[in-house]
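# from the sequence below, what's the structure:
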Amino acid sequence: EGERFVEVRRVDWLVLLAYWLGASDLILELFNYQCLPKPFSAFMCGDSPELTKLGVGNFKTIPISEVDTAEGLIGRMKRLVSKGMNPEQRDKLMSVTEEYGVAIEAKGSSDLRFLEMDEKPILLVSPTTTFYFLSKNNRRRTSVDKPKQPVRNTSSKRLSRFSKPIKAPKDKPVEAGPTNDDLVQKDIIFLSMPAATSIEIKAGSLDRLVEFLTHESYTDPRFRNAFLLTYRSFCSGSELLEKLIVRFRATDLEAPAKISIRRIRTVAVFKAWMEDHYRDFEQDEQLTTDFQNFVGGEMQSLMEKSANQLSKVFENSKKNAERDREEKEAAEAAAAEEKEKNEGQEDQPKKTVDNWLDIDSQLLAEQMTFLESKYYCAITPKECIAWSKGKKAQAGNVSCMIDQFNRVSEWVVTEMCTRVKLEERIKCFEGLVSLAAELYDLQNFNGTMEILSGMNNSAVRRMKATWGGASKETMAKFDQIQKVMSHEHSYKLYRQQLHSIDPPLVPYLGMYLTDMVFIEEGNKDKQDGLINFAKRTKLGEVINEIKQYQIDYRRVIYIKKQHVLDWLQNLPSISDDDAYKFSVRVEPKNLNFEKAIATLIKEEAVLEEMLKQSRRKWRRLHIKLCGLKGEEVDAELLAEEEADVEEEVSDDEIPVGTPTGDRLSVGTPGKDTRLRKNASSIPTAGGKHGDKDKPRSGRRMSFNKKHDRDKAERKSSNGSKKNVKRVRSDRELKNKEGKDSKDSKDKDSNRLSVGSGRRKSVKS
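Below you'll find the predicted structure:
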């Protein structure tokens with residue numbers, strides 16, 4: 001309508017649409033998904049003379065959430081208005097407001113409608129809603145004026161997404177906001193115009209970023225923190241040091257006071273750099289040398305006090321780093337000494353973990369937390385940036401953390417799938433849930449997620465009998481932990497839990513790695529040829545959260561068991577495919593153990609045959625090698641080889657003229673001639689024909705065609721219809737070939753023809 005409204009930033013358009021349409025149910029759903037801020041602040045108006053006499057004002061602000069009822073609001077309103085009263089006044093107030101209720105204006109009239117005690121006021125909330133706290137006898141709204149909404153300053157404060165568009169006062173016109181030309185300047189693009197304590201940059205060159213990092217008129221600790229966390233993604237430490245020195249030397253300003261302020265802020269950047277990121281200096285000797293030369297030379301002559309302070313900060317940071325390094329080396333030396341001591345005591349049994357279920361769950365959880373906390377606290381911002389860009393070789397501690405996560409998850413799957421007895425699997429399941437609960441209590445969320453990841457593997461999830469056999473307490477504990485650690489809505493419940501507790505803790509690293517990957521892939525490094533600093537700001541928020549939880553458990557965990565730590569770093573595991581095979585064997589579908597046993601017997605026979613063939617091949621290679629070297633072969637091996645040769649001869653050759661079961665040998669009786677099988681028609685153990693290097697299958701060659709047909713039909717009766725058709729078609733083809741061969745006068749001398757008379761003799 002041509003009226004001017006105050007600009008509202010970051011407004012959820014869906015929320016505004018819900019208000020404009022009056023969709024109260026949609027508003028409640030938006031509350032459930034946390035699209036709306038909690039709690040919503042509404043005005044409560046009490047205009048009774050009794051309250052006025054007690055000194056209670058007409059308007060009070062009270063928070064309203066989606067779970068509040070009218071009865072709950074009444075109680076909270078009473079507590080609010082009675083705050084600061086003496087006991088006598090409080091008792092009088094309670095007696096006066098005993099029959100009070102919460103009312104709202106009825107639509108289209110000045111009458112009031114009192115809410116039922118179980119009615120939810122949030123369904124009636126709109127930007128102009130006023131609730132009334134008064135006696136139920138008062139059904140008409142009095143002439144109490146509603147509170148005026150103040151005009152908010154949008155330059156420095158963010159408006160709520162509930163904020164109603166506010167009409168600009170006629171006597172005080174609202175100043176126009178910054179235009180696009182103001183935000184886009186040379187070599188820099190702003191998200192909003194800089195303020196005294198706020199700098200929001202979208203993109204810029206390195207020189208302009210360093211300029212606002214040390215600006216004499218603007219300062220923002222968040223901007224400085226994000227810059228120092230992520231500068232490695234667009235420049236080196238030496239380049240940054242050079243730019244800061246140039247800013248310190250600059251005298252382009254007329255006012256000496258502003259030059260002094262710029263230098264002071266440059267010193268502040270140096271101080272924050274050394275205190276929070278001393279590893280940059282520790283890992284770069286040239287950077288350290290250049291910095292010390294600058295501080296001890298030029299800065300000492302211009303700002304002696306600041307130079308001395310920086311030198312002191314540098315020395316303190318160096319001492320802290322050396323102390324941490326010495327403690328780490330001492331711990332490693334003590335662990336190595338203890339290990340050598342245990343190895344030297346041969347008469348005493350070495351400490352090992354034979355059955356983890358025999359270890360107390362709390363002790364095991366403490367050792368897991370001790371190990372993972374060490375990995376987590378060693379992660380640096382440089383490694384986070386390298387990992388987000390796919391340079392995993394430069395992120396050693398991140399890789400260690402990931403490897404440990406996968407190692408524990410695979411161990412959980414192995415433990416659950418390799419236990420044959422159901423009672424053992426149930427006991428293992430309950431032990432793992434108890435371990436996850438102890439890790440959760442220690443605030444080791446990464447370890448908790450390791451257990452949950454293994455338990456949710458498909459090979460474990462399918463074992464319904466195991467899950468159904470666990471106790472109700474165990475399942476309730478598991479469901480509660482799984483609910484908090486769920487990845488739904490981008491780990492919404494877990495993030496709330498994480499932000500409501502204090503360190504020490506080990507957060508789930510996978511969530512942060514996922515956030516960094518999304519930021520890296522969803523935003524370009526450059527925008528219009530400038531450094532995309534908005535991307536670095538988002539990345540800096542994630543890295544800063546990782547960094548703020550890097551506090552070890554020295555004051556929580558006192559007991560260190562080296563043999564348990566060694567075991568945790570060498571956990572047994574199997575592949576996912578093998579895990580699923582084991583899972584199907586130990587707990588088949590519908591508990592059909594007969595089928596599972598039959599499958600195992602067949603697989604065992606195949607494995608035994610493979611082992612036999614491997615043994616035979618190895619023996620022959622060994623005999624051949626001994627022959628080449630001129631060494632004597634073991635008699636036992638020669639005996640085994642002779643037995644195998646005899647077996648092969650008996651299977652590979654059929655004596656002519658000698659009866660073999662129900663078959664008749666063909667040839668001249670009495671002669672010791674043998675009929676060799678055609679090598680091209682003999683299937684070997686490897687499934688190929690004519691391979692002389694591979695041992696023969698040992699199947700005898702049959703000359704009875706009817707016997708072969710009957711055997712094929714018996715096999716096909718257990719197979720599919722497709723196999724039956726294939727056998728019949730092969731039989732018809734053979735019959736046809738047989739008829740053609742009878743009509744042919746010239747017969748192949750290499751083939752052996754068997755007449756019908758001989759088939760009769762075979763039957764007899």
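# next structured bit after the lengthiest helix in the chain?
For the chain, the longest helix by residue count, based on DSSP state H, is helix 304-344. Following helix 304-344 in sequence order, the next helix or strand is helix 361-377 (DSSP states H and E).
# got the contact list for that next one?
356, 397, 400-401, 404, 408, 431, 434-435, 437-439, 441-442, 444, 446-447, 504, 506-507, 509, 549-553, 557, 559-561, 564-565, 568-569 (CB atoms under 8 Å, 6 or more residues apart in numbering). Just so you know, the C-beta spots here come from the backbone N, C-alpha and C atoms, and that holds for glycine as well.
# swap in 6 Å and give it another go.
By CB atoms under 6 Å, 6 or more residues apart in numbering, the list of residues contacting helix 361-377 from outside reads 397, 400-401, 434-435, 438-439, 442, 444, 446-447, 506, 550, 552-553, 557, 561, 564-565, 568.
# show me where the chain has strands.
All strands of the chain, identified by DSSP state E, fall at 40-45, 59-64, 100-105, 112-114, 130-135, 184-185, 188-195, 198-204, 526-527, 530-532, 653-655, 674-676.
# check contacts around A437.
Going by CB under 6 Å, 6+ apart, A437 touches K477.
# confidence score at the residue nearest to Q286 when sequence neighbours are not counted?
Nearest residue to Q286 in three dimensions, chain neighbours excluded: S238, at 6.5 Å (CB to CB, 6 or more residues apart in numbering). Model confidence at S238, expressed as pLDDT, equals 92.
# could you report the neighbour count for S238?
13 (other CB atoms under 10 Å).
# equivalent analysis for F212, please.
Neighbours of F212 using other CB under 10 Å come to 21.
# equivalent analysis for Q562, please.
There are 15 residues near Q562, going by other CB under 10 Å.
# end to end, how far does stretch 248-256 reach?
End-to-end distance for stretch 248-256, by CA to CA, to the nearest Å: 13 Å.
# quick one: average confidence on it?
86.
# how about that stretch: buried residues?
F248 (16 or more other CB atoms under 10 Å).
# how about residues contacting that stretch?
I259, R263, T266.
# out of the residues you listed, which one sits closest to E646?
When these are compared for distance to E646 (CB to CB), T266 wins out at 93.5 Å.
# not counting its neighbours along the chain, what's nearest L206?
Spatial nearest neighbour of L206, chain neighbours left out: C235 (5.8 Å); criterion: CB to CB, 6+ apart.
# how close does that neighbour get to Q394?
Between C235 and Q394 the computed distance is 17 Å (CB to CB, to the nearest Å).
# with E298 instead?
Look at E298 and Q394: by CB to CB, they are 34 Å apart.
# ok, now L442?
31 Å.
# those two: which has the busier surroundings?
Neighbour comparison, L442 and Q394: the larger count goes to L442, with 23 against 14 (by other CB under 10 Å).
# give me the distance between the nearest residue to the more buried one once chain neighbours are set aside and L568.
The shortest distance from L442 to any non-neighbouring residue, by CB to CB, 6+ apart, is to T369 (5.0 Å). Distance from T369 to L568, counting by CB to CB: 11 Å.
# give me the contacts around stretch 596-606.
By CB under 6 Å, 6+ apart, the list of residues contacting stretch 596-606 from outside reads R585, P588.
# repeat that for stretch 566-580.
Under CB under 6 Å, 6+ apart, the answer for stretch 566-580 is V353, L371, R407, E410, W411, V413, T414, C417, A459.
# reformat these as JSON lines; add neighbour count, distance to F593 and pLDDT.
JSON lines is the format used below for these (neighbours: other CB atoms under 10 Å; distance: CB to CB, whole Å; pLDDT from 0 to 100):
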{"residue": "V353", "neighbour count": "16", "distance to F593": "32", "pLDDT": "78"}
{"residue": "L371", "neighbour count": "21", "distance to F593": "40", "pLDDT": "92"}
{"residue": "R407", "neighbour count": "16", "distance to F593": "32", "pLDDT": "95"}
{"residue": "E410", "neighbour count": "21", "distance to F593": "27", "pLDDT": "95"}
{"residue": "W411", "neighbour count": "21", "distance to F593": "27", "pLDDT": "95"}
{"residue": "V413", "neighbour count": "26", "distance to F593": "22", "pLDDT": "95"}
{"residue": "T414", "neighbour count": "20", "distance to F593": "22", "pLDDT": "94"}
{"residue": "C417", "neighbour count": "26", "distance to F593": "16", "pLDDT": "92"}
{"residue": "A459", "neighbour count": "21", "distance to F593": "18", "pLDDT": "94"}
